[in-house]
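[1] Have a look at this prediction, sequence included:
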Amino acid sequence: MKLYSNGCSYTWGGTLFNFDYFDEGGNHVWLPNAEGTEIDKKRLETVYPHHLGKLLNASEVINQSMGGGSNDRIVRTTLDYFINAKLRGEDLTDYFVTIQWTDPSRTEIYDQNFDDGYIGLLNGNVFSENGRNNSYIHHEKLQKLYYKHFNNSKDDYTRLIKNIYSLGYFLKYHNIPHIFISLGQLFIPWINAQATSEDHWVKLLDHYHSVVKDFTWLYNDANQALSVCVNFENCMPKGSHPSEEGHRQIANALYNYIVEKKLTEK
Amino acid sequence: MKLFVNGCSYSYGGNIYPLYDDDKLITFYTETDVNKQRLSNIWSYHLGKNLGVKEVVNYSLCSNSNEAILRTSLDYLDNLSDYNDLRVVIQWSNPDRFEFYDEINRGWIQISGSKSWLFVPDDPDFDFSNQNEYFINHIQERLDIFYKHFYSEYEAVIKSLNHFELLGEYLENRKIKYVFCLLTYGLFDKLKHTTIGIKNKIDHISNSYRWFNNDMSCSTLRPVIPENMLTISGHPDLNGHKEIASRLHSYIK
């Protein structure tokens, strides 16, 4: 069995690792583009997909997460991976997939003018996996324009549901076992903003549960935040990302749930 | 049996029927004589008759983007409890159309060109006679920003392919009988040769879902209509709608 994981900085190793490094020779290393380097190998062996892979006895662990990545990116890169695997003739049912959904206000756009690649937009920040000289200034402008003119909760949550459907139904259709995990309480902020009364709040909660009921969620709840898996005080050193021990705790929690629910059994 | 149809002006009756009646946007649920007439003359009606269905639901709107077609189709399908007697025909629109939500005026804006858009309000009773200069300038400003800074043909195609894939998987998973057709194939064909990624994705989507004429590249509706059944804008006239229904019916049978 192969383990495939995707997500944002929680799965990538945020806080423990930075994007920018200087190697021993003083050369600048951009970690999102540094596949195969020692520092990137170290990162991949630190984060929870690696530990989960060991617990599940996976023959290979593929971790395509990215710090600052959006759900749009998670869906695009996961579908690209599996469509290409299918075209290569691989048995897709031999995979187990973990998807850690992130903040729905993030998105990505394709930069045709500077980088010829995708750039991630998040509230207050921007990053490019394929960054070129001086493109940051252009991307920063795009980020500001996007959040001023196009971003709103209605659009965020419409995209979130599309993203969950997109990936969820693809995995189901191809009989790929999976577990979906939410970074935060996925729909709760949106439900809080929309609800006009307590009854309405409960109705909205039921509605969003039913919308995503076709997929396997950790603890059977799309609104259960991933941070419940870790001992918060000790394992979230700066309050935002898991420590090394936190990653091990997440892997253990996922493994216990996967085994309990027999999710890897064909 | 029930037939659900979604698409853009080609499936709405564009160029034959008006968009507004009494300053309100005409949608499937508008209860006016003009709309009743529209719904009983467009291809979805004729196809429903040919298939012998009891009810035809057509969510098509002029200027609809593929994002809107997907979103509104999911809204409809998510609220059904039984798919056994359902047939779905989706006429996908051009990939270079987009939508975004306008929080100030509360509605989705369908963008079909740098100067061409349609505001689709959340409130069906929204009065379009109140569209003032501010309203129009506010939307046009965002369109200008969108086309200047955010639009790329590459992303347009990728996004549309993602929408086809999403709805295809959704319908397949729920074992709903469906047919997809396209309005045009141009941009897909143009970009198919640019990267192996796009080519693989198009091949996958063409082979994985049920396309009219069994081939995504041959699923466009425009070629099935004889020239003398087209309006000046290239939309089907009343006979053109019957022709589309007849061709789709033959395929579905």
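    Received, thanks. Numbers count the residues shown, from 1 in each chain, chains lettered A, B, ... in the order given.
[2] what are the bridge partners for residue A:182, then?
    residue A:101, residue A:225 (DSSP bridges).
[3] That one: neighbouring residues, count only.
    Burial of residue A:182 is recorded as 24 neighbouring residues (other Cβ atoms under 10 Å in any protein chain shown). Glycine gets a C-beta too; all of them are placed from N, C-alpha and C.
[4] And residue B:99, by the same measure?
    Residue B:99 is flanked by 24 other residues according to other Cβ under 10 Å.
[5] That one: which element?
    strand B:98-102 (DSSP states H and E).
[6] which other residues reach that strand?
    A:150, A:152, A:154-155, A:158, B:65, B:67-68, B:71, B:107-111, B:119, B:138-139, B:142, B:146, B:151, B:156, B:159 (Cβ atoms under 8 Å, 6 or more residues apart in numbering or on different chains).
[7] tell me which residues in it are buried?
    For strand B:98-102, the neighbour count (16 or more other Cβ atoms under 10 Å in any protein chain shown) marks B:98-102 as buried.
[8] Over to stretch B:48-60?
    B:48, B:50-51, B:53, B:56-60.
[9] same thing with stretch A:46-56?
    Neighbour-count burial for stretch A:46-56 [16+ other Cβ under 10 Å]: A:46-53, A:55-56.
[10] Out of these, give me the two with the largest separation.
    Using Cβ to Cβ, the pair of the buried residues of stretch A:46-56 lying farthest apart is A:46 and A:56, separated by 17.6 Å.
[11] Show me the helices in the stretch 151-253 of chain B, by range?
    B:153-173, B:186-192, B:196-208, B:238-252 (DSSP state H, counting those that start in this stretch).
[12] likewise the stretch 151-266 of chain A?
    With DSSP H, counting those that start in this stretch as the criterion, the stretch 151-266 of chain A has helices spanning A:153-173, A:188-194, A:198-211, A:232-235, A:244-260.
[13] Please work out which of these is packed deepest.
    helix A:153-173 (a mean of 21; mean count of other Cβ atoms under 10 Å in any protein chain shown).
[14] Quickly check: that helix near chain B or not.
    Yes. Using Cβ under 8 Å from any Cβ of the partner chain, helix A:153-173 comes into contact with chain B via A:153-155, A:158, A:161-162, A:165-166, A:169-170, A:172-173.
[15] Could you point out which residue ranges in the stretch 151-266 of chain A have low pLDDT?
    Within the stretch 151-266 of chain A, the stretches with pLDDT under 70 are A:238-239.
[16] Next to chain B, which bits of it? Give me the list.
    A:152-155, A:158, A:161-162, A:165-166, A:169-170, A:172-173, A:211, A:214.
[17] Can you tell me which residue of the stretch 101-250 of chain B sits closest to chain A?
    residue B:169 (3.5 Å; Cβ to the nearest Cβ).
[18] Spit out the contact partners of the closest residue to that residue other than its chain neighbours.
    Spatial nearest neighbour of residue B:169, excluding adjacent residues (Cβ to Cβ, 6 or more residues apart in numbering or on different chains): residue A:169 at 3.5 Å. The contact partners of residue A:169, taken as Cβ under 8 Å, 6+ apart, are A:214, B:166, B:169-170, B:172-173.
[19] try 6 Å
    B:169-170, B:173 (Cβ atoms under 6 Å, 6 or more residues apart in numbering or on different chains).
[20] ok, now residue A:151?
    Residue A:151 neighbours (Cβ under 6 Å, 6+ apart): none.
[21] does residue B:90 count as helix, strand or coil?
    strand (DSSP: H, G, I helix; E, B strand; the rest coil).
[22] For it, list each beta-bridge partner.
    Beta-bridge partners, per DSSP bridges, of residue B:90: residue B:6, residue B:180.
[23] go on, residue A:107?
    residue A:121.
[24] I'd assumed residue A:72 was in contact with it.
    Yes. At 5.3 Å, residue A:107 counts as touching residue A:72 under the criterion of Cβ atoms under 6 Å.
[25] just checking: which of the buried residues of stretch B:48-60 also lie near chain A?
    Residues of the buried residues of stretch B:48-60 in contact with chain A (Cβ under 6 Å from any Cβ of the partner chain): none.
[26] Tell me how far the strand or helix carrying residue A:29 lies from the chain's centre.
    Secondary structure assignment for residue A:29, by DSSP H and E: strand A:28-30. Averaging C-alpha positions (Cα atoms, centre = their mean, to the nearest Å) puts strand A:28-30 23 Å from its chain's average.
[27] for the stretch 51-200 of chain A, what spans make up the strands?
    Using DSSP state E, counting those that start in this stretch, the strands found in the stretch 51-200 of chain A span residues A:60-63, A:95-101, A:107-111, A:117-122, A:125-128, A:178-182.
[28] Tell me which of those strands is the most buried.
    strand A:95-101 (a mean of 24).
[29] Give me the spatial nearest neighbour of residue A:234, chain neighbours excluded.
    Residue A:234 sits nearest to residue A:245 (Cβ to Cβ, 6+ apart), 6.8 Å away.
[30] Could you double-check that the one you found sits in contact with residue A:235?
    Yes. Look at residue A:245 against residue A:235 with Cβ under 6 Å: they come within range, at 5.2 Å.
[31] Regarding stretch B:229-240, how distant is the last residue from the first?
    5 Å (Cα to Cα, to the nearest Å).
[32] which residues touch that stretch?
    B:14-15, B:41, B:225, B:243.
[33] Which residue does the stretch 101-250 of chain A have closest to chain B?
    Counting by Cβ to the nearest Cβ, the stretch 101-250 of chain A gets nearest chain B through residue A:169, at 3.5 Å.
[34] Next one: that residue from residue A:102, what distance?
    20 Å (Cβ to Cβ, to the nearest Å).
[35] repeat for residue B:209
    28 Å.
[36] Any figure for the gap between the residue lying closest to residue B:199 once chain neighbours are set aside and residue B:186?
    Computed as Cβ to Cβ, 6+ apart, the closest residue to residue B:199 that is not its neighbour in sequence is residue B:192, at 5.4 Å. Here the criterion is Cβ to Cβ. By it, residue B:192 lies 11 Å from residue B:186.
[37] which of the two has more neighbours?
    Legend: neighbour count by other Cβ under 10 Å for residue B:192 and residue B:186, higher for residue B:192 (17 against 13).
[38] Just the buried ones from the contacts of strand B:98-102?
    Buried residues within these, counting neighbours by 16+ other Cβ under 10 Å: A:150, A:152, A:154-155, A:158, B:65, B:67-68, B:71, B:107-111, B:119, B:139, B:142, B:146, B:151, B:156, B:159.
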